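**Student:** Sequence plus the predicted model coming up.
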Amino acid sequence: MATNLIQTLSWKDRRVKFIKKAEKNIFEKVILNLIPIIGADKVIEKYLE
């Protein structure tokens, strides 16, 4: 399940370091791609009706 995958990708466990802040348009593109993957598009549609 996708939620389990997200839990296993902990940035703390992988000792990830901050490199650079993403440009606004890149961040928005990533979020727009993630919304349907996590099923949030269905939730958003309910609130927009």
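**Tutor:** Looks like it came in fine.
**Student:** Only C-alpha atoms from now on, for both contacts and neighbour counts.
**Tutor:** Fine.
**Student:** If you tally nearby residues, what's the number for residue 41?
**Tutor:** When neighbours are counted by other C-alpha atoms under 10 Å, residue 41 registers 13.
**Student:** before we move on, what about the one 5 residues further on?
**Tutor:** Using other C-alpha under 10 Å, residue 46 is surrounded by 8 other residues.
**Student:** and the residue nearest in space to the middle of the chain, what helix or strand is that in?
**Tutor:** Closest residue to the average C-alpha location of the chain: residue 34 at 5.0 Å, with C-alpha atoms, centre = their mean. Taking DSSP states H and E as the definition, residue 34 sits inside helix 24-37.
**Student:** quick one: contacts of that helix?
**Tutor:** Contact partners of helix 24-37, identified using C-alpha atoms under 8 Å, 6 or more residues apart in numbering, comprise residue 41.
**Student:** Secondary structure element for residue 22, which one?
**Tutor:** Applying DSSP H and E, one finds residue 22 in no helix or strand.
**Student:** quick one: contacts for it?
**Tutor:** With contact set as C-alpha under 8 Å, 6+ apart, residue 22 has no partners.
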